[in-house]
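Participant: Make a model of this:
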Amino acid sequence: MSTKEYTRDVIARIMGIYASELEDDVLIREELGVDSLRALEIIAACEKELQLEIDETGCADVETVGEFLAYVEEQWDDHR
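Facilitator: Reported below is the predicted structural model:
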């Protein structure tokens with residue numbers, strides 16, 4: 001499973017939806033209803049399960065699922 005697929009599964013599990021519903025262009029705040037606390041929960045779960053540290057300040061400008069997946073993948077690549 002790729003980092004993006006794994007991250008998509010984490011988001012889906014926390015949001016209580018199917019991963020197949022998380023298209024790259026889905027707006028995280030507006031369409032999924034992710035608030036700041038839920039965002040921190042998603043980031044913490046990704047950090048724990050992927051065993052890496054995600055710079056939360058870099059997530060501030062992320063608007064879509066695809067952007068978040070790309071950001072986590074970038075963090076993963078920098079981690080290795």
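
Participant: Helix or strand with the lowest mean pLDDT in the protein?
Facilitator: In the chain, no helix or strand scores lower on mean pLDDT, DSSP states H and E than helix 65-79, which sits at a mean of 90.

Participant: any idea how far it is from the chain center?
Facilitator: The chain centroid and the centroid of helix 65-79 are separated by 8 Å under CA atoms, centre = their mean, to the nearest Å.

Participant: pLDDT below threshold where in the chain?
Facilitator: Where the chain drops to pLDDT under 70, the residues are 80.

Participant: residue nearest the centroid of it?
Facilitator: Phe68 (4.9 Å; CA atoms, centre = their mean).

Participant: Test my guess that that residue contacts Arg8.
Facilitator: No - using CB atoms under 8 Å, Phe68 is not in contact with Arg8; the gap is 9.2 Å. Glycine gets a C-beta too; all of them are placed from N, C-alpha and C.

Participant: quick one on the thing from earlier: please spell out which residues along the least confident helix or strand of the chain are buried.
Facilitator: Neighbour-count burial for helix 65-79 flags 65-73, 75-76 (criterion: 16 or more other CB atoms under 10 Å).

Participant: Now distance to Asp25 too, for those, in TSV please.
Facilitator: As requested, these are exported to TSV (distance: CB to CB, whole Å):
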residue	distance to Asp25
Val65	8
Gly66	6
Glu67	10
Phe68	12
Leu69	11
Ala70	12
Tyr71	15
Val72	17
Glu73	17
Gln75	21
Trp76	22
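
Participant: which residues does Ile54 contact?
Facilitator: 43, 46-47, 71-72, 75 (CB atoms under 8 Å, 6 or more residues apart in numbering).

Participant: Same question for Val65.
Facilitator: 8, 11, 22-26, 28, 32.

Participant: between these, which is nearest Glu53?
Facilitator: Checking the contacts of Val65 against Glu53 by CB to CB gives Ile11 as the nearest, at 18.2 Å.

Participant: State the distance from Tyr6 to Asp77.
Facilitator: As defined by CB to CB, to the nearest Å, Tyr6 lies at a distance of 14 Å from Asp77.
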